[in-house]
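Novice: here is the input, now give the coordinates:
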Amino acid sequence: MRYLVLALTLLFTKFVLAQHIVVDHHQAKSAYELLNKIRTNPERYKNELKLFNLHKIKRSKLNWNKQLAEVAVYRAKDMAKRSYFDHVSPEGYGPNYFMEEAGYQLNPEWLKKRNSNNFESIAANRASATDGIKALIIGKEAPGYHHRTHLLGMDKWNASLYDIGIGYVECKGGKPYESYLVVIIAKHDW
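Specialist: Reported below is the predicted structural model:
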């Protein structure tokens, strides 16, 4: 009987926590606008975001893509609902798989491994989506500035990406994180 009560309590708790997940499209759009401002005028953000090698930043705006935004929201909600933080789902599927499933066609080479990630940056426990963008660019949680390179298009691969979708969810009282940010910057093919 104790195990039945425990199981029901866990199920109820999971259901209650899932009800507190809020998708914030306004936050996602604000993050998109900020990222485009940083990309087109990095000198303005040089000190705040500790930017260097400004000549490497791709100085073009990214295009909002509804399919990528839907995938980003799905990924953020999934991590919040199931309390994980990873580029790969617990079932072993990466962002490339979810993008293709949503109808954003990718080069077949990028789909050979179901856990592939060529396009996603994630952050958690940020007060806002713009704070998440700033944290990813500053790079405190990711050694080597990989997220900065991705978001600002600072190498040949990332500079070739042009579509973007952002998902931001809040789950106040959620464990271990109270917010999730997913940024997908992609292209269809070489």
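Novice: what number of residues lie near the closest residue to Gly139 other than its chain neighbours?
Specialist: Counting by Cβ to Cβ, 6 or more residues apart in numbering, Tyr145 is the residue found nearest to Gly139 once chain neighbours are left out, at 4.6 Å. Placement of C-beta: from N, CA and C, glycine included. With neighbours defined by other Cβ atoms under 10 Å, the count for Tyr145 comes to 18.
Novice: any idea how far Glu178 is from Phe85?
Specialist: Distance of Phe85 to Glu178, computed by Cβ to Cβ, to the nearest Å: 12 Å.
Novice: tell me which of the two has more neighbours.
Specialist: Set Phe85 next to Glu178 and count neighbours by other Cβ under 10 Å: Glu178 wins out with 17 against 13.
Novice: need the contact list for the more buried one.
Specialist: Asn125, Glu170, Cys171, Lys172 (Cβ atoms under 8 Å, 6 or more residues apart in numbering).
Novice: filter the residues you listed to the buried ones?
Specialist: Among the contacts of Glu178, the ones that count as buried by 16 or more other Cβ atoms under 10 Å are Asn125, Glu170, Cys171.
Novice: hang on, the first one packs against Ser179?
Specialist: Which is Asn125. Yes - if you go by Cβ atoms under 8 Å, Asn125 and Ser179 touch, sitting 6.0 Å apart.
Novice: my guess is Ile166 meets Val71, correct?
Specialist: No - the pair Ile166 / Val71 is not scored as a contact, 10.3 Å apart, by Cβ under 8 Å.
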